[in-house]
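dropping the sequence and predicted coords here.
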Amino acid sequence: MKNENSRRSFLKNIALASFATLALSGCDMKALEEFLQQNFRTLSKKEKNKIIKNLAIDYKKKYGKEFNVSDKPALEGTLFGYALDLARCVGCRRCVYACVKENNQSREPQVHWIDVLQMEKEKGIDFAHSTSQYNPEKVPSEGHFYLPVACQQCSNPQCTTVCPVKATWQEPDGIVVVDYNWCIGCRYCMAACPYGARHFNWGEPTIPVEEINTEMHYLGNRPRMKGVVEKCTFCIQRVREGKYPSCVEICPVGARKFGNLLDPESEIRYILENKRVLVLKQELNTQPKFYYFFGI
Amino acid sequence: MEIRKFKNIHRLTILLILCVILALSCNNKATDEIKFHGVSQKQAKNKKTEKVTEFAVDAPPFSYGIYPCTDCHANFAPKPEKRELVEWHDDISAIFNHDSENRWCLDCHDLKSRDSLRLASGKLLDFKESYKLCGQCHGEKLRDWKVGVHGKRTGFWNGKKEYLLCVHCHDPHAPKFKEITPEPPPVRQEDIK
């Protein structure tokens, strides 16, 4: 009962409090602005620049380094797609850790955007009989294959539709993004994602200062805060500059392929047109832009 | 007490309505949904991948000091007969496992021009183009390699790319891909907090 009372008075006082802050003017204007900040998509270029400049200052204060926070929009005529060769992947997990580094994931508590599942060749793709805990001396293990799972970048995403505050959406180049400043941490999106690809910051994220990647995108790898959801963005900070995602670059067997689905000359289109391709949980009609294929 | 409660609920409703309005006003773009199959016609101005005429490749992965081969081979006559090598390259002889029953060094290396590879036609080939040699017998793999599907390219998805040669991943003398040590498994979900 007491609890409820205090919540009511809190609600009652919000208006008062904001007026007071305004009156005191500059007491902590930045915090107030953040509170009132709209969804990133609806901001003007000028407003975006201001937010980003403030972020760079905040990050510098926190980590003592210069940061470059980009807000580069989608390139015209691009729709990104990804393909992974199941005949090639050996389950070495190089991609998992390259992703952690590139995208400033929390080391403790541990957040991984890529989950590599080991499956039995005999059973085929069968999540019930898979494990991410395999740890032999050498991979691949006899009789097994490996299926790395991260955000499937659905064309018809469930996660974005359930978000009560529209803190997550699909960009024109097909990347599903999260505005961490807008996310309220309700985790509806995590429940809605059939791939377990969204991750919650249960604790205050920690990243060793010397390992922070200072090339960042507002909708991508900028450091997150406790209580927000994050996930793979195809390395938005890289791919909008024309680079490959860092998991593609690290993969020692060349199993990971990336490109523009609208470009008939791209490797991704070649795969769709010439290889046996599948998507995970097709029956759910999420329409992933992450394809698995057999490069035989 | 009853009235106060009612008032509070009233306030709450107004606040809720305000929130909904706010949320809706930010919502206008959420309907511009992208679908791969529908969109390919709509956004026809495709950003074409820049054509790369030659294949830019990483340097061949020679062992230190082995190339140019003629540093040694200029000093003695080549011996064409198939045999177990003992004086030198015994390491290669020992691991040689590439259709080895039917194959010998000189199916790929030239007898006289040691610094070159050699195609079945007799044409000499620079080591930077060793993929052509492999392509003689693995044509479908070479086709996939050229379009970036087998093997690996780095660089820019919409621009210049660099290729790894087949021999960066496959030892030409024992081409089965070597097993590697995996990175550590993730912390179990139930242990995170």
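Nice, I can see it. Given the structure is predicted, the values throughout are model-derived calculations rather than measurements.

from A:C95, how far out is whichever residue of chain A sits closest to chain B?
Going by C-beta to the nearest C-beta, chain B is nearest to A:G254 of chain A, at 3.3 Å. C-betas here are computed from N, CA, C, even on glycine. Noted for A:G254: a distance of 12 Å to A:C95, by C-beta to C-beta, to the nearest Å.

more neighbours, these two?
The neighbour comparison of A:G254 against A:C95 (other C-beta atoms under 10 Å in any protein chain shown) goes to A:C95, with 26 against 23.

helix/strand/coil for that one?
Following DSSP: H, G, I helix; E, B strand; the rest coil, the label given to A:C95 is helix.

torsion angles phi and psi at the closest residue to it other than its chain neighbours?
Of all residues not flanking A:C95 in the chain, A:C247 sits nearest, at 3.9 Å (C-beta to C-beta, 6 or more residues apart in numbering or on different chains). Here is the backbone geometry of A:C247 (degrees, to the nearest 10): phi -70, psi -30.

number of residues surrounding A:C247?
So A:C247, with other C-beta under 10 Å, has 27 neighbours.

now do B:A174
Counted with other C-beta under 10 Å, B:A174 comes out at 14.

list the buried residues of stretch B:102-120.
Residues of stretch B:102-120 classed as buried by neighbour count (16 or more other C-beta atoms under 10 Å in any protein chain shown): B:105, B:108-110, B:114-119.

scratch that, stretch A:199-215 is what I was asking about
A:199-201, A:205, A:207, A:212-214.

as JSON lines, those with distance to A:I236 and secondary structure would be great.
Formatted as JSON lines, the buried residues of stretch A:199-215 follow (distance: C-beta to C-beta, whole Å; DSSP: H, G, I helix; E, B strand; the rest coil):
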{"residue": "A:H199", "distance to A:I236": "16", "secondary structure": "strand"}
{"residue": "A:F200", "distance to A:I236": "20", "secondary structure": "strand"}
{"residue": "A:N201", "distance to A:I236": "18", "secondary structure": "coil"}
{"residue": "A:P205", "distance to A:I236": "18", "secondary structure": "coil"}
{"residue": "A:I207", "distance to A:I236": "18", "secondary structure": "coil"}
{"residue": "A:I212", "distance to A:I236": "17", "secondary structure": "coil"}
{"residue": "A:N213", "distance to A:I236": "13", "secondary structure": "coil"}
{"residue": "A:T214", "distance to A:I236": "15", "secondary structure": "coil"}
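
most widely separated two among the residues you listed?
For these, the farthest-apart pair by C-beta to C-beta is A:F200 and A:T214; their separation is 24.8 Å.

quick one, what contacts B:G148?
A:257, A:267, A:270, B:161, B:163 (C-beta atoms under 8 Å, 6 or more residues apart in numbering or on different chains).

so which of these wins on neighbours?
A:K257 (29 neighbours).

quick check: mean pLDDT across the host helix or strand of B:E140?
Using DSSP states H and E, B:E140 sits within helix B:139-146. Average pLDDT, helix B:139-146: 96.

contacts only, for the residue nearest to A:C95.
By C-beta under 8 Å, 6+ apart, the neighbours of A:C247 are A:95, A:98-99, A:114, A:235, A:256.

switch to 6 Å and redo it
A:95, A:98-99, A:256 (C-beta atoms under 6 Å, 6 or more residues apart in numbering or on different chains).

and what of B:E183?
A:93, A:97.

reduced to three states, what does it come out as?
Per three-state DSSP, B:E183 ends up coil.

among the contacts of A:C247, who's most crowded?
A:C95 (26 neighbours).

show only the entries of the contacts of A:C247 found in helices.
Among the contacts of A:C247, DSSP state H puts A:95, A:98-99 in helices.
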